[in-house]
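Chemist: predicted structure and sequence below. I'll ask about it afterward.
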Amino acid sequence: MDLDIVGLSRLQFAMTALYHFLFVPLTLGLSILLAIMETVYVMTGRPIWKQMTKFWGVLFGINFAIGVSTGLVMEFQFGMNWSYYSHYVGDIFGAPLAIEGLMAFFLEATFVGMFFFGWERMSRRAHCIVTWLTALGTNFSALWILIANGWMQNPVGAKLNPQTMRMEVSNFAEVVFNPVSQAKFVHTVSAGYVVASLFVLGVSAWYLLKGRHVDLAKRSLTVAAAFGLASSLSVVVLGDESGYLSSEHQKMKLAAIEAMWHTEPAPASFTAFGFPDQEARETHYAVHIPWVMGLIGTRSLTEQIPGILDLVKLAEQRIREGQQAYDLLEKIRGLPPGTAVPAEMCKAFDAQSPTLGYALLLKRYVDDPRQATDAQIQKAAWDTVPQVAPLYWSFRIMVGLGMFFILLTATFFVLSARRTLDRHRWLLRVAVWAIPLPWIAAECGWIVAELGRQPWAVEGVLPTAVAVSHLGAETVLFTLLGFVAVYTVLIVVEMKLMLGAIRKGPQPDAPRPASADVPLIGKVHTA
């Protein structure tokens, strides 16, 4: 990545996003686990389940607070570092963010407060409902964010207004029910459930190794193993769906993940191992598994997956078509103010506008894309190839860790069914050391999703190089270093708080007042 204004802006957003995503998946997963534990408490009335809910709730609260503080900065960056992006697609991208803030975030924040301060002020059932609403708000937040992100990967339900140079919503339902958004949502929240499950699994294993809070640890480990196994399996299934959608909407991303330089006869093989060389345009020492990539990417034995070299040729063709769209755009913008755009010109532009974004790739090399040389067009076509090696290895690390999580959670699920959780101390040690691994897998997943989208801020519509604000590189570098420093401090603070709460362990529950199960409605309080 070049450390110019574009590269620094990308690096800043990548750093803040990766930092923020250290907190998001644990919040997503712990919210559901808390709801499950409290539901068992309401059904059984056993105090141990209430103690479990409160203990893991403390860790959820710490993570939630730090996650909110890191997430707010990301939305401000769209105005600070990506002002032209905000101008160009703000009408579409801004709507899900606004809904997330007004509905999901406030729902989540409101019920988080009720969760912590309502234990002795509500009936068991009422508090359990609050816990489930907290989990619902948490997942709604993820839904609307991923609707916005999914639109960047597959921009549907919108069209460009050539006179205002803004993308406008043409069908909001298509934006909301974008298949890429829905696949990303279920895949991401399932990954969050895995993160939380492995976290609870590891902490519980640590308690068993130390011989502390054994009853709580065994029950927590049982819930985490069952929930984690189901979540790990669902991540694999939903990841397969994401791969299939990439073959439809982001062919270059899929080819780069596979380091597939040449189009293979159908069905394409899966490269299990190899060393991608982007300069030589080949993958050294590649080990292939026949048919697997074809089945994953196309779900057929006859459909081809195009290779990088063929996709570059297709991009060059689209760039040349985009030059014609850009020429029409300039003619429309050159009409006198107040002049109606002729119907034939509108029709021609609507037909050619899907390739306009490819012409904008030439802005890196020439102010007017219509004046680009053949060499510049070829450079722009090769710009559509993302960095292959980071994508290739990130995907394989993610998949390899996912297989390990299935094996680990399945093992503990069987041990819990046999009531032998504490008989294999080496397995408990494995669970403890495995705590950070799901975060690594989750971060690799985001690298695949976002790095694979380059050079596009919005796939096929707006290049990243065009979307940035006109700032000095020194300004962006200063804020980048500032964000990294602040976020690092926040992570250290969270780690200390979390480790302190874990070492302290669950606290004995105070005796519950006899009137605590009386519904709040109609309950009289006197001073």
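Modeler: Now that the structure is in, tell me what you want to look at.
Chemist: specify the beta-bridge partners of the residue lying closest to residue 259 once chain neighbours are set aside.
Modeler: The shortest distance from residue 259 to any non-neighbouring residue, by C-beta to C-beta, 6 or more residues apart in numbering, is to residue 276 (3.9 Å). No exception for glycine: its C-beta is placed from N, CA and C like everyone else's. On the basis of DSSP bridges, residue 276 is bridged to residue 283.
Chemist: residues touching residue 276, list them.
Modeler: By C-beta atoms under 8 Å, 6 or more residues apart in numbering, the residues touching residue 276 are 259, 283, 284, 388, 389, 392.
Chemist: so which of those is the most crowded?
Modeler: Greatest neighbour count in the contacts of residue 276, by other C-beta atoms under 10 Å, goes to residue 259: 25 neighbours.
Chemist: ok so, going back, tabulate the contacts of residue 276 in TSV, adding columns for distance to residue 436 and pLDDT.
Modeler: Shown next, in TSV, are these (distance: C-beta to C-beta, whole Å; pLDDT from 0 to 100):
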residue	distance to residue 436	pLDDT
259	27	92
283	30	90
284	31	91
388	27	95
389	23	94
392	22	94
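Chemist: tell me the one of those nearest residue 226?
Modeler: Using C-beta to C-beta, residue 392 comes nearest to residue 226 of the contacts of residue 276, at 33.8 Å.
Chemist: please name the residues that touch the closest one.
Modeler: Contacts for residue 392 (C-beta under 8 Å, 6+ apart) come out as 256, 257, 258, 259, 271, 274, 276.
Chemist: now it: how far from residue 283?
Modeler: Distance, residue 392 to residue 283, using C-beta to C-beta, to the nearest Å: 8 Å.
Chemist: what does residue 196 give?
Modeler: Distance, residue 196 to residue 283, by C-beta to C-beta: 36 Å.
Chemist: again with residue 312
Modeler: Relative to residue 283, and taking C-beta to C-beta, residue 312 is found at 16 Å.
Chemist: ok, now residue 192?
Modeler: Residue 192 is 32 Å from residue 283, by C-beta to C-beta.
Chemist: where does the stretch 201-350 of the chain have low pLDDT?
Modeler: For the stretch 201-350 of the chain, no stretch has pLDDT under 70.
Chemist: give the contact list for residue 201.
Modeler: By C-beta under 8 Å, 6+ apart, the contact list for residue 201 reads 221, 224, 225, 228, 408, 409, 412, 431, 434.
Chemist: swap that for residue 205, please
Modeler: 217, 221, 427, 428, 429, 431, 432.
Chemist: which SSE is it in?
Modeler: Per DSSP states H and E, residue 205 falls inside helix 179-210.
Chemist: could you check how far that helix is from the centre of its chain?
Modeler: Its chain's C-alpha centre and that of helix 179-210 lie 14 Å apart, by C-alpha atoms, centre = their mean, to the nearest Å.
Chemist: repeat for stretch 436-447
Modeler: Distance of stretch 436-447 from its chain centroid, counting by C-alpha atoms, centre = their mean, is 10 Å.
Chemist: now it: buried residues?
Modeler: 437, 438, 439, 441, 442, 443, 444, 445, 446, 447 (16 or more other C-beta atoms under 10 Å).
Chemist: let me know the closest of these to residue 185.
Modeler: The shortest approach to residue 185 among the buried residues of stretch 436-447 belongs to residue 445, at 13.2 Å (C-beta to C-beta).
Chemist: that closest one contacts residue 191, doesn't it?
Modeler: Yes - between residue 445 and residue 191 there is a contact at 6.3 Å, judged by C-beta atoms under 8 Å.
Chemist: now the strands for the stretch 401-527 of the chain?
Modeler: Remark: strands assigned in the stretch 401-527 of the chain by DSSP state E, counting those that start in this stretch are 456-458, 462-463.
Chemist: winner for burial among those?
Modeler: Mean neighbour count (mean count of other C-beta atoms under 10 Å) peaks for strand 456-458 among the strands of the stretch 401-527 of the chain, with a mean of 25.
Chemist: mind listing what that strand pairs with, with the direction of each?
Modeler: Sheet pairing of strand 456-458 (DSSP bridges) gives strand 462-463 (antiparallel).
Chemist: for the stretch 351-500 of the chain, what spans make up the helices?
Modeler: In the stretch 351-500 of the chain, the segments counted as helices under DSSP state H, counting those that start in this stretch are 356-360, 374-382, 388-417, 425-433, 437-451, 464-467, 473-504.
Chemist: what comes up buried for the helix or strand bottoming out on mean pLDDT in the chain?
Modeler: Counting by mean pLDDT, DSSP states H and E, the chain has its least confident helix or strand at helix 292-298, which shows a mean of 81. Residues 293, 294, 296, 297, 298 are the ones in helix 292-298 that count as buried (16+ other C-beta under 10 Å).
Chemist: any idea how far residue 420 is from the closest residue to residue 214 other than its chain neighbours?
Modeler: Spatial nearest neighbour of residue 214, excluding adjacent residues (C-beta to C-beta, 6+ apart): residue 208 at 6.5 Å. Residue 208 sits 12 Å away from residue 420, going by C-beta to C-beta.
Chemist: please identify which of these two sits among more neighbours.
Modeler: Using other C-beta under 10 Å as the criterion, residue 208 and residue 420 rank with residue 208 on top: 19 against 10.
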